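Asks: Fold the following, please.
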Amino acid sequence: LSQILHELERSETIHNFLEHCSQWPILSKYLDEIPFGNITIAMTAKSCALGDISYDRLEYLGDAVLKMIHTDALINSKDEELRRWFHCLHEGDLTELRTAMGSNERLKDISKAVGFDYFILTKPLGRGTWEPSGLERYVMDDVR
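Replies: Next up, the predicted model:
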C-alpha cells in the first residue's frame, strides 16, 4: 500500500506542476510535448534514485537547453538597450553573459520565485514507508 501511495503522490505532484506551468503558455506548450514519465524523472531530485537513470546525462541535456534558451533571449530580447549591447559584444563576452544568466544561484532564485521548488520530488520511498511530503512543508510553513 505504501508504494502505491508513494507513486500516487508523485503523479499528483507532477500533474500539479503541469497545471502550475499553464500560466506560462510557451512553457506549457513545450511541456505538453514531453512524455509524463520524462517530466517525472526531470522533477525528481538526485537523492531519490530511480534505478538506472543517468542524472548526469539529464543535467547535460538540461544545460544545453538552457544555453539555447538564454542565447535566444539575448538575440531576440524585447529590451532595445540589450539588443544594442548584444551586437557590440565579443563572443567571449556573450558567453560570459549567457553563463551568468544560467548560474546555479540565479536558476535557484528564479525557480523559487515562480514556485517550482514546491514540485521537486525529494522524498524517496524508504523500506516500504510513506509519509506525505506536503505534510512536512505544511508544518514548516505553520512554524514560521
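
Asks: residue with max distance from the center of this structure?
Replies: If you look at how far each residue of the chain sits from its centre, by CA atoms, centre = their mean, the farthest one is Cys88, at 32.2 Å.

Asks: ok, that residue to Leu82 distance?
Replies: Distance check for Cys88 against Leu82: by CB to CB, to the nearest Å, it reads 11 Å. Every residue, glycine included, has its C-beta placed from N, CA and C.

Asks: What's the end-to-end length of stretch 92-110?
Replies: 25 Å (CA to CA, to the nearest Å).

Asks: neighbouring contacts of it?
Replies: By CB atoms under 8 Å, 6 or more residues apart in numbering, the surrounding residues in contact with stretch 92-110 are 63, 66-67, 70-71, 73-74, 86, 89.

Asks: go again using 10 Å as the cut-off
Replies: By CB atoms under 10 Å, 6 or more residues apart in numbering, the residues outside stretch 92-110 that reach it are 62-63, 66-71, 73-75, 82, 85-86, 89-90, 116-117.

Asks: Please apply the same query to stretch 71-87.
Replies: Surrounding stretch 71-87, the residues in contact under the criterion CB under 10 Å, 6+ apart are 89, 93-95, 97-98, 101.

Asks: Show me which positions of that stretch end up buried.
Replies: For stretch 71-87, burial by neighbour count (16 or more other CB atoms under 10 Å) applies to 74, 86.

Asks: Ends of that stretch, what's the gap?
Replies: Across stretch 71-87, the straight-line distance between its terminal residues is 13 Å, by CA to CA.
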